[in-house]
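A.B. asks: Just to be clear, the model below is a prediction. Sequence and coordinates:
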Amino acid sequence: MLFNCMFLKWLYFSILVFLFGSAFLLIEISLKTFSPSYIAFFRVSIAALILFIYSKFIGCTYEFVKNNFKLLFILGLTGTTIPFYLISYAQVTINSGETGILIGFMPIFTIIGSHYYFKYEKLNLRKIFGFILGFIGLFVLLVNNENSINLHSNIFAKLLVILAAFFYALNALLVKKLSAINVIPLSSCVMIISAMQLFFILIFSHEEYLDFKNFYTDSVLSLLFMAIFSTAIATVIYYKIIQDYGPSFLSLVNYPIPIFAFFAGVIILEESFNIYSVLSLCLVIMAIYISQKN
């Protein structure tokens, strides 16, 4: 029984690493056809539809919405709407490997939030050292600008990813407040709310970036895969891990995600990397490990 529980725990962990880690690569492929706003809107809307149909099929109810709408609205903003849009927009000018590394800052923000606001755990010197080491790794990454993109544009894009990591951390901390709710309708409700939020963003952004003359099949397939697996299924597993094993264990997922995302971009998209990329990667991973180690 104990073996089965441990196996299931690490199975969820491994699947989530793959699903979240592959999302950065899928976004980069999708950008050949779709704009950042459309990518965020379509992946969330498709995921919301799938989760809603499935939740109704298995007989789930949504009675919890009335008493928790404000928190659900915030979960939609922090867990999908804002970070999905920021990451998609950032990857117009930075690659999937860099994005994966910067998302690795989520556990650091989680530690700070747990100590100063949510009071889940205390911040000590070891965690402070990890936090500082993480920003050293960020600095190394930011100065590693070997392509032709304007330096200021790169810095702005990377800061957007860091901001997305902050919202992911906030979302992980807030989800714990709804631990008694079934993860299927919870995930469905958050996705529906987020889809509505992204719809208004799409309207007010005035984007007309659906070029059917350059409609790439791999972009469409990447967007569909991302919506079904890296969004719908990943969200359910994400909430399941928080409910069953807690936010601390969830944060462990962010250790291998940057590595997976970075080398997936190098191997599949043939993105370049040098000693500075490897150094920044190591520093960020070390920082996360030191910050989260018990």
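C.D. replies: Received it, and whenever you're ready, just let me know what you need.
A.B. asks: so where do the helices sit in the stretch 51-200 of the chain?
C.D. replies: For the stretch 51-200 of the chain, the helices defined by DSSP state H, counting those that start in this stretch cover 65-76, 82-90, 96-103, 106-116, 125-143, 151-175, 183-205.
A.B. asks: what's the last one packed up against?
C.D. replies: Using 3 or more C-beta pairs under 8 Å, 6 or more residues apart in numbering; DSSP states H and E, the elements in contact with helix 183-205 are helix 36-57, helix 65-76, helix 82-90, helix 234-252. (C-beta placed from N, C-alpha, C; glycine too.)
A.B. asks: Please apply the same query to the shortest one.
C.D. replies: Under the contact definition 3+ C-beta pairs under 8 Å, 6+ apart, helix 96-103 sits against helix 2-30, helix 82-90, helix 125-143, helix 151-175, helix 256-268, helix 275-292.
A.B. asks: as a whole number, average confidence for the longest one?
C.D. replies: To tie it back to what came earlier, the one meant is helix 2-30. Mean pLDDT, helix 2-30: 83.
A.B. asks: The last one too?
C.D. replies: Along helix 275-292, the predicted local confidence has a mean pLDDT of 72.
A.B. asks: for the second one, same thing?
C.D. replies: Across helix 82-90, pLDDT averages out at 88.
A.B. asks: Begin at 55 from now on, thanks
C.D. replies: OK, 55 is where the count begins now, so the last one is helix 136-144.
A.B. asks: winner for burial among the helices and strands packed on helix 237-259?
C.D. replies: The highest mean neighbour count among these, using mean count of other C-beta atoms under 10 Å, belongs to helix 136-144: a mean of 24.
A.B. asks: contacts for it?
C.D. replies: 78, 81, 85, 90-91, 93-94, 97-98, 153, 157, 211-212, 214-215, 217-219, 221-222, 248, 252, 255 (C-beta atoms under 8 Å, 6 or more residues apart in numbering).
A.B. asks: which residues does the closest residue in space to Ile104 that isn't next to it in sequence contact?
C.D. replies: Once flanking residues are discounted, Ile104 sits nearest to Ala286: 4.8 Å by C-beta to C-beta, 6 or more residues apart in numbering. Neighbour list for Ala286: Ile100, Ala101, Ile104, Leu105, Ser241, Met245 [criterion: C-beta under 8 Å, 6+ apart].
A.B. asks: The helices and strands packed on helix 150-157: which one's closest to Tyr171?
C.D. replies: Tyr171 lies closest to helix 205-229 among these, at 7.8 Å (C-beta to C-beta).
A.B. asks: Packing partners of the closest one?
C.D. replies: Helix 205-229 packs on helix 119-130, helix 136-144, helix 150-157, helix 160-170, helix 179-197, helix 288-306, going by 3+ C-beta pairs under 8 Å, 6+ apart.
A.B. asks: Please repeat the previous calculation with a cut-off of 10 Å.
C.D. replies: helix 119-130, helix 136-144, helix 150-157, helix 160-170, helix 179-197, helix 237-259, helix 288-306 (3 or more C-beta pairs under 10 Å, 6 or more residues apart in numbering; DSSP states H and E).
A.B. asks: picking that back up, relative to Ser276, which of the contacts of Ala286 is nearest.
C.D. replies: Using C-beta to C-beta, Ile100 comes nearest to Ser276 of these, at 12.5 Å.
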